[in-house]
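Enquirer: Quick one, what's the 3D model for this:
(2 chains)
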Amino acid sequence: MSEFLPYPLISLLAGAMVVLFAGVLEERLGQGRTKEALSVIFIALALIGCLILYKDVTSQPLGVMVLSIGAEPPLGACFEIDLLSVFMTFSVVFLGLFAVVYSFRYMEHDTRLAEYYSLLLLMMAGMVGVALAGDFFTFFIFWELMCISSYVLVAFRRELWGPIEAGFKYLTMSALGGVLIFLGMSLLYGMAGNVNFAYMSVGIDWGTAGVWAYLAFILLFLGFGIKAAIVPMHTWLPDAHPEAPSPISAMLSGIVIETGLYGLVRILFVVFLPNAVLLPRGPETFKYVVAVFSVLTMTIGNIMALLQKDIKRLLAYSSIAQVGYMLVGVASGTTYGLLGCFLHVFNHSLMKGLAFLASGAMVYRIGTRNLDEMKGLGHYMPVTTMALAISLLGLGGVPSTNGFVSKFILFGSALAPGVNMWWLTLIGVLNSAFSMAYYLPIIIRLITKPAEKSSELKEAPILMLIPMCIMAILIIVFGIYPRPVLQLADSASKALIEGLQGYISKVIP
Amino acid sequence: MQYALAQVLLVPLVFTPVVYLAGRKAGKQTGWLVALPLLYTLLLLLSVAYRIREGISIVEVYSWAPLAGLTFGLKADGLSIWMAITINLLCLLVAVYSIRYMEHRFHEEGHEPSPTVYASYYALYLLYAIGMLGTVLATNLIQFYLFYELMLVPSWALINNYGYGERERIGMMYFLWTHVGAVILLAGILSSYWITGSFEISDLSGVVAAPMAPWIAFAILIGFFVKMAVFGLHIWLPYAHAEAPTPISALLSPAMIGIGAYAAARLVVIPMNEVFSRFSLAFSLWALVTMVYGGLMALAQDDVKRFLAYSSVSQMGYIFLGLSCANAYGVTGAMFHYVSHGLGKCILFCVAGMLITQAETRSIKKLGGLADRMPLTATLCLLGFFAIAGVPPTVGFMSKWIIFSGVFTAALEHSIEMLVIAVASIIMTVITVGYALWTVRRIFFGPLPEHLEEVEEAPPIMTVPLLILAVISVILGVYPRLVTDYLFPLIGGLIP
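Expert: Next up, the predicted model:
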C-alpha cells in the first residue's frame, strides 16, 4: 500500500511528466515513437495500479481506505477510497487506454504531440483524483486539473477556427461551473467548519441550515450540471465535442462528463440525502429535482440529436440524452438505481467511446463530418462500419448489447416500491425507443450502395481498428454476460449507500 | 438427450459466422449450408415433442446474471413446442426456397451479384431464425425480450438491404413501430418485476392481485398488438410485408407476427386470466374490426404481396378473437390457427414469389389464366388459400372451428353480447373465402394474356418445399390431434 498517493495517480502524473520530456527530446533528435510507447506503458501501469487499489480497498475493514497528505484528515488533504472510487478510476483508465492507442495514427499529422499525450495523461489524472478525493480541497484541485487540460485538448488544433471558438465557449462555461461549485463548497464549509466529506456528512446543523442548505445544493447542482451537460446547462457540449480531435471527443463524452455526474452523486449521497429528513420536505425535493432534470435532459438531447447532419454533433447530443438516463438512477436514490447509473457510466464509456472513435476513423479517411457525404462508406470500410453499428445499436439499448443491460436496470429502478416514479420509466423507455430514429439512419446511410466507385477510400489503419474491434467485442460480451461488470458496479453502489457509515467512521473514529 | 433445447439455439448461432465466411466462396449455394443446422434443430425439436407427448414439459435452466435476477431458461411444453416446430419448419423450407429466389432478386437489381451479398443475406437469415426460436422457448422475461428484439434487428436489415421499392423508409417504419411497441412491453415487464420480485414468466401470475395489474397487462399487450398488427397498430405491416424480399415476407407474415399472439397468451392471457377476461368483450370487438378491416382492404389490393399482407391482418383478427375469449377453447384455437396460418400463408407468399420470378409481375390485373402454364403453382395456391380460409380437409378448418367454439362458449357462459360478435365473425369468414377464391380466379383462370404465354412452371427447388407444407397442412387437417393433444390439455389445465 502506498503511503503517499494512490498508485494509478502516481503512474498518470509521473507519466505526464516523463512523456513531456521524452517528447521534447524526441523532437530535438528527429523522428521517434517513444512518447506514444511511454504513454501506453504508463496507462497500463495505472490499470495495474487500479487492480492493486481494488485489492487494498477490499482487504480493508469497512472497505474504505484513507490516504492522508501532510496532516491527518480534518486538517490535511486526503484521499478516501471506496469501491465506487475504484470503479470510476477503472472506467477512466480503461477508456483512456483505447483512446491513446487510437491516437497513434489519428494524430500522426499533428505537431506538438508531446503536449498532446502529456495533457491527455493529466486529464486522466485529474479525473482519477476527483474519483479518489476525500475532501473538497483535493477534489477541487483535481477537478480543475481535469478541466484545464481538457480546454487545451478541445482547442488542440489551434490553426482552425472551429476548435478555438468551441474551446473558448467550453472554457467560459466550465469556469463558471467551477466557480459555482466553489461557492457551494464555501457555503458547506461555513456550515460544517470543515471541508472533509465525512465531516460534512455529520457536522452540519441541518435544523438551522434551512434555506442555506438548499442554496448550497442549487449551486453545486448547477456547477456539476454544467460539466455533466444536464439540460439547460449543456450548451457548451454540442460545440466542444465535435470540434475536439476524435480520441478526445471519445474521452470527453465517454468519461469526462460522467465525472461531473460522479461529483454530483458523491455530494448528494454523502452530504445531502442522508440528512435530508432533517430538512423540510427534504428527500422528495432532492429526488424530484433530479427527476425533472433527467426528463428534460433526455428529451431535449434526443430531439436535438434527431436534427443533426454532423455525425459527431449528433453523437454529442446523444451523450446528453444518455446522461439523462443515468440521472434516472440517481433520482431513484436506491442502491439498485445507482447500480444502473454506474453500470451505464461504464457501458456508455465503451459505447460512446467506440462511436466517436469509429466515426473519427471515417472522418480521418473522407475528411468531412457531414452524414450525407458518408453514403455508402460501409463498402469501403466494413470493419469500422460494423463497429460503429454495434456501438449505435448499443446506445439505442438493443438487447444483447451492454447498453440494454444498464438501461433496463435504470428504468426498472424508477418503478421500485418506495420510489414509484412510473412516469419517469415511461418517458425513459419512450425516449430510448425514439432515439433509434437517429441511430438507425446512420447505419442505413453507411450500408447503402455508394453513388460512384472510388478506389481512393480504404479501411482505417490497423492501429485504429484494434481498439475499435476490442471495444465492439466487449460491448457484445458484456451485453450477453454482464456478470463481472455488474458485480463491480453493484459493490460500488453499495459502497456509496450501505457503506456510508464506514465511510464516515474511517475518518471520524 | 441433454441440452436439446440449448442446442436448438446454439447450433444455428455457431453456424452463423461459418455461413458468413463460407458464403463468400459458395455464393448462392449457401442456402444449403443454412438448411443443415435448421434440419438438425427440427429433428431435435421433433424428438423433444415426442418426449413430452404425455403432457410433461422440459425445462433447461442456465445461470446468467443472478444479481439482476436473470436466468437463462428454455422451456418446451405443449404450448411452445408446436410454435417452435412451425417456425423451424418454415425457416428450413424457406431457406431452400431462397436459393433460387434470391438469385433472381440479385439479378433483378441489375448487377452481377458478388458472393458477399449471399453471405450476409444468409447470415442475417439464420440470426433471424434464432431470434424467433429463442422467443418462443424463453422462460425469463428479460431473456424473452432479448430474443424478441433479436428477431427485429436482422429482419430490419433484411428488409433494408434486399427489399423492394422504398425499402429504407419502410424498413425504418417497421423498426420504429415494433421498437416502440417493444419498449412499452419492457415498461410492463419492469413494473411486474417490482410486484412479483422475479423475471420468471411462471411468476407473472403474482401480479393479478395488485391494483396496477390492468395497466401492466395493457402495457405488455400493446407491445404484442403492434407485432400482431391489430387494427390501429397495423400501419407498418402492409408496407413491410409487401416490400420485404419474398422469402422474408414468407417468414414475417406466417411466423413472426403470430409470435405476438403466442406471447400474449403466454404472458397475459394464461397467467393474468382474471385481469384479461375483464376486457374480453372489448377485445373481441377489436378483433372483429381487425378481421373485417383486413379482409376488406385485401379485396381492394392489386399488388399480390400487399394483398397477402392485408389478409394477414385479417387472419390475426381471428387469432386475436380466439385469445380474447380467454377460455381454453379460444386460446387453443388461436394457437392452432397460428400453425395453420403459418403453413398456409407461407405457401401463398412463396407462390407470390414464384409469380415474381416466372411472370415478372406483382400486379394481379396483369395476371390471368396461368393455371395452364403453371398447374402445380395453381394447385399449391389453392391449397394455401384453403388452409387460411378454413376449407376442410385442410388444417385451417380445424383451427377456426376451435376458435369459434371458444367464442360461443364464452358467449353462452358470460356475456350474451358476445354472441352477436360470434355470429358476426362467422359471417365474416365469407370475406376470407371471397377474396381467396376471387384472387385465385383472377390470377390462374380466365384468358391468358399475350405477354404471359411464355411463362413456365417454377423449378422444383421452389415447388418442392411448398408441396411439403401443403401435405403437412392436409395431414394436420385430417389428424388435428397431433397438435391439439399438446395444446388443449396444457391450456385447459391452466385456464377455465
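Enquirer: By average pLDDT, which secondary structure element in the chain comes out worst?
Expert: If you meant another chain, say so; for now it's chain A. When each helix and strand of chain A is scored by mean pLDDT, DSSP states H and E, helix A:206-209 comes last, with a mean of 76.
Enquirer: hm, I was asking about chain B
Expert: strand B:58-65 (a mean of 82).
Enquirer: Not counting its own residues, what contacts that strand?
Expert: Strand B:58-65 is contacted by residues A:405, A:481-483, A:486, B:3-6, B:48, B:51-52, B:70-77, B:139-140, B:143 when judged by CB atoms under 8 Å, 6 or more residues apart in numbering or on different chains. From N, CA and C alone the C-beta is placed, and that goes for glycine too.
Enquirer: returning to what we had before: from the contact counts, what lies against the least confident helix or strand of chain A?
Expert: Using 3 or more CB pairs under 8 Å, 6 or more residues apart in numbering or on different chains; DSSP states H and E as the contact criterion, no helix or strand is in contact with helix A:206-209.
Enquirer: Might you calculate how far that helix sits from the centre of the chain?
Expert: When distances are taken as CA atoms, centre = their mean, to the nearest Å, helix A:206-209 is centred 34 Å away from the chain's centroid.
Enquirer: Give me the next element, helix or strand, following it.
Expert: helix A:211-228 (DSSP states H and E).
Enquirer: Check which element follows that next one along the chain.
Expert: The element immediately downstream of helix A:211-228 (helix or strand, assigned by DSSP H and E) is helix A:237-243.
Enquirer: mean confidence score for that next one?
Expert: The predicted model gives helix A:237-243 an average pLDDT of 91.
Enquirer: One more: stretch B:138-153?
Expert: Averaging the model's pLDDT scores along stretch B:138-153 yields 89.
Enquirer: what secondary structure does B:D372 sit in?
Expert: When the structure is split into helix, strand and coil by DSSP: H, G, I helix; E, B strand; the rest coil, B:D372 lands in coil.
Enquirer: Check A:Q308 too.
Expert: With three-state DSSP as the basis, A:Q308 sits in coil.
Enquirer: pretty sure it is touching A:I320, no?
Expert: No: no contact is recorded between A:Q308 and A:I320 when judged using CB atoms under 8 Å, the distance being 11.7 Å.
Enquirer: now the helices for the stretch 51-200 of chain A?
Expert: Using DSSP state H, counting those that start in this stretch, the helices found in the stretch 51-200 of chain A span residues A:83-106, A:113-132, A:136-154, A:161-192, A:197-203.
Enquirer: now these as CSV including distance to B:F276?
Expert: Compiled in CSV, the helices of the stretch 51-200 of chain A are given as follows (distance: least, CB to CB, whole Å):
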stretch, distance to B:F276
helix A:83-106, 44
helix A:113-132, 50
helix A:136-154, 55
helix A:161-192, 52
helix A:197-203, 50
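Enquirer: among those helices, which is nearest A:S432?
Expert: With CB to CB, the closest approach to A:S432 among these belongs to helix A:83-106: 21.8 Å.
Enquirer: and the direction of that closest one versus that of helix A:136-154, what angle?
Expert: Helix A:83-106 and helix A:136-154 are oriented at 20 degrees to each other (axes from the mean of the first three to the mean of the last three CA atoms, to 10 degrees).
Enquirer: report the angle between the axes of helix A:83-106 and helix A:113-132?
Expert: Angular relation of helix A:83-106 and helix A:113-132 on a 0 to 180 degree scale: 170 degrees, by the same axes, to 10 degrees.
Enquirer: coming back round to it: just after the least confident helix or strand of chain B, pick out the following helix or strand.
Expert: Proceeding N to C from strand B:58-65, the next assigned helix or strand is strand B:70-76, under DSSP H and E.
Enquirer: just the angle between the least confident helix or strand of chain B and strand B:70-76, please?
Expert: Orientation note: strand B:58-65 sits at an angle of 170 degrees relative to strand B:70-76 (the same axes, to 10 degrees).
Enquirer: I'd like the distance from the closest residue to chain A within the stretch 1-150 of chain B to A:I480, if you could.
Expert: When scored by CB to the nearest CB, the stretch 1-150 of chain B has B:L146 as its residue closest to chain A, at 3.7 Å. Here the distance between B:L146 and A:I480 works out to 9 Å (CB to CB, to the nearest Å).
Enquirer: more neighbours, these two?
Expert: B:L146 (25 against 15; other CB atoms under 10 Å in any protein chain shown).
Enquirer: Isn't B:A411 up against B:I426?
Expert: No: no contact is recorded between B:A411 and B:I426 when judged using CB under 8 Å, the distance being 11.5 Å.
Enquirer: Who has more neighbours out of those two?
Expert: Set B:A411 next to B:I426 and count neighbours by other CB under 10 Å: B:A411 wins out with 21 against 13.
Enquirer: Contact partners for the residue nearest to A:S432 when sequence neighbours are not counted?
Expert: Of all residues beyond its chain neighbours, the one nearest A:S432 is A:G397 (4.9 Å), with distances taken as CB to CB, 6 or more residues apart in numbering or on different chains. The contact partners of A:G397, taken as CB under 8 Å, 6+ apart, are A:G403, A:F404, A:K407, A:F408, A:S432, A:S435.
Enquirer: residues contacting the residue in the stretch 351-496 of chain B that chain A sits nearest to?
Expert: Each residue of the stretch 351-496 of chain B has a distance to chain A, by CB to the nearest CB, and the smallest belongs to B:I356, at 21.4 Å. Remark: with contacts taken as CB under 8 Å, 6+ apart, B:I356 is in contact with B:H104, B:T246, B:R362.
Enquirer: Which residue would be the closest one in the stretch 101-250 of chain A to chain B?
Expert: Of the residues in the stretch 101-250 of chain A, the one nearest chain B is A:V231, at a distance of 21.5 Å by CB to the nearest CB.
Enquirer: ok, so what distance separates that residue from B:A242?
Expert: From A:V231 over to B:A242 the distance is 41 Å, taken as CB to CB.
Enquirer: Same check on A:L371?
Expert: 29 Å.
Enquirer: Looking at those two, which one has more neighbours?
Expert: Each of A:L371 and B:A242 had its neighbours counted (other CB under 10 Å), and the higher figure belongs to B:A242 (24 against 19).
Enquirer: Give me the number of neighbouring residues for the residue of the stretch 101-250 of chain A closest to chain B.
Expert: By the other CB under 10 Å criterion, the neighbourhood of A:V231 contains 22 residues.
Enquirer: Isn't it up against A:V295?
Expert: No: taking CB under 8 Å as the contact criterion, A:V231 and A:V295 are not neighbours in contact, 9.4 Å apart.
Enquirer: Quick check: neighbours shared by those two?
Expert: In terms of CB under 8 Å, 6+ apart, A:V231 and A:V295 are both contacted by the residues A:G324.
Enquirer: mind checking how far the residue of the stretch 101-250 of chain A closest to chain B is from A:L392?
Expert: 22 Å.
Enquirer: In contact with residue 306: list those residues for me.
Expert: No chain in the question, so chain A it is. Taking CB under 8 Å, 6+ apart as the criterion, A:L306 is in contact with A:A437, A:Y438.
Enquirer: looking at chain B here, not the other one
Expert: Contact analysis of B:R306 by CB under 8 Å, 6+ apart lists B:P238, B:H241, B:A242.
Enquirer: now do A:G337
Expert: Going by CB under 8 Å, 6+ apart, A:G337 touches A:V328, A:G329, A:V330, A:A331, A:L410, A:S413, A:A414, A:A416, A:V419.
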